[in-house]
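In: Show me how the following folds:
(chains A and B)
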Amino acid sequence: DVKVTQSSRYLVKRTGEKVFLECVQDMDHENMFWYRQDPGLGLRLIYFSYDVKMKEKGDIPEGYSVSREKKERFSLILESASTNQTSMYLCASSFSGGTDGETQYFGPGTRLLVL
Amino acid sequence: GQNIDQPTEMTATEGAIVQINCTYQTSGFNGLFWYQQHAGEAPTFLSYNVLDGLEEKGRFSSFLSRSKGYSYLLLKELQMKDSASYLCAVRGQSSGGSYIPTFGRGTSLIVHP
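Out: Predicted structure coming up:
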């Protein structure tokens, strides 16, 4: 079974703090993604990575950065947290190529509250 | 850009059949996915369509018409545990040239006795 883990289920931070969200997958997937999910807005892509040290901006990259130094790990960084970044953050990974259309496997999510 | 539209909420009765529609506009279509997400949990994969037609998997089926930019998820013999959000995701070409999935806002399905 594919396993995608995220470093925290719940996180409370203060405005202006630097926040690190970690995601690890154990299936040697090339592709990794960071989404945020807000009521009424669905899943919105922040950044994705299709290889080590490679990244591409998604739909809402402002205020975020990412790091992918190893294939299994994809980190999301909030340089200076703001209250409008309070959200559920979901990490996903997928295998590049293959017959499943690159089905995504999701982590359990991190619910971040910025005060 | 990509635009995906699905109803916000649907209700149905246990044992019945429900159809959740998804319409989309995308550049470089390369597959459509349906995911199920229970409250407080991560989305899980249900189905994948890349060619026109119906894909059946137990109580769940998914249909695709590429020419119409249309898909539906059909759930038969509804059970209470099917109460969840159903996400339609379309894989298309990003501005950077990569193929990535874009999600609709999800359809919240409520199954009542």
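
In: burial of residue 82, as a residue count?
Out: You didn't say which chain, so I picked chain A. 13 (other C-beta atoms under 10 Å in any protein chain shown). Quick note: C-beta positions are derived from backbone N, CA and C, even for glycine.

In: that answer is for a different chain, and I need it for chain B
Out: Count around B:D82 with other C-beta under 10 Å applied: 20.

In: again with B:S95
Out: Close neighbours of B:S95, defined as other C-beta under 10 Å, add up to 10.

In: Show the pLDDT at A:V114.
Out: At A:V114, the pLDDT value in this model is 98.

In: Correct me if wrong: it contacts A:S80.
Out: No - at 10.2 Å, A:V114 does not count as touching A:S80 under the criterion of C-beta atoms under 8 Å.

In: Close to chain A: what parts of chain B are there?
Out: Counting by C-beta under 8 Å from any C-beta of the partner chain, chain B comes close to chain A at B:30-31, B:33, B:35, B:41-45, B:48, B:50, B:87, B:89, B:91, B:94, B:96, B:98-106.

In: ok, and what's touching stretch A:107-115?
Out: Identification of contacts with stretch A:107-115 by C-beta atoms under 8 Å, 6 or more residues apart in numbering or on different chains yields A:4-15, A:17, A:19, A:21, A:23, A:37, A:81-83, A:85-92, B:41-42.

In: Contacts only, for the most centrally placed residue in chain A.
Out: Centroid check for chain A by C-alpha atoms, centre = their mean gives A:W34 as the closest residue, at 2.6 Å. Residues near A:W34 by C-beta under 8 Å, 6+ apart: A:21, A:23, A:45-48, A:58, A:64, A:66, A:74, A:76, A:89-91.

In: Show me the beta-bridge partners of it.
Out: Judged by DSSP bridges, the bridge partners of A:W34 are A:Y47, A:C91.

In: can you count the residues close to residue 94?
Out: With no chain named, the answer covers chain A. Neighbour count for A:S94, taken as other C-beta under 10 Å: 25.

In: Oops, wrong one, chain B.
Out: Around B:S94 there are 19 residues (other C-beta under 10 Å).
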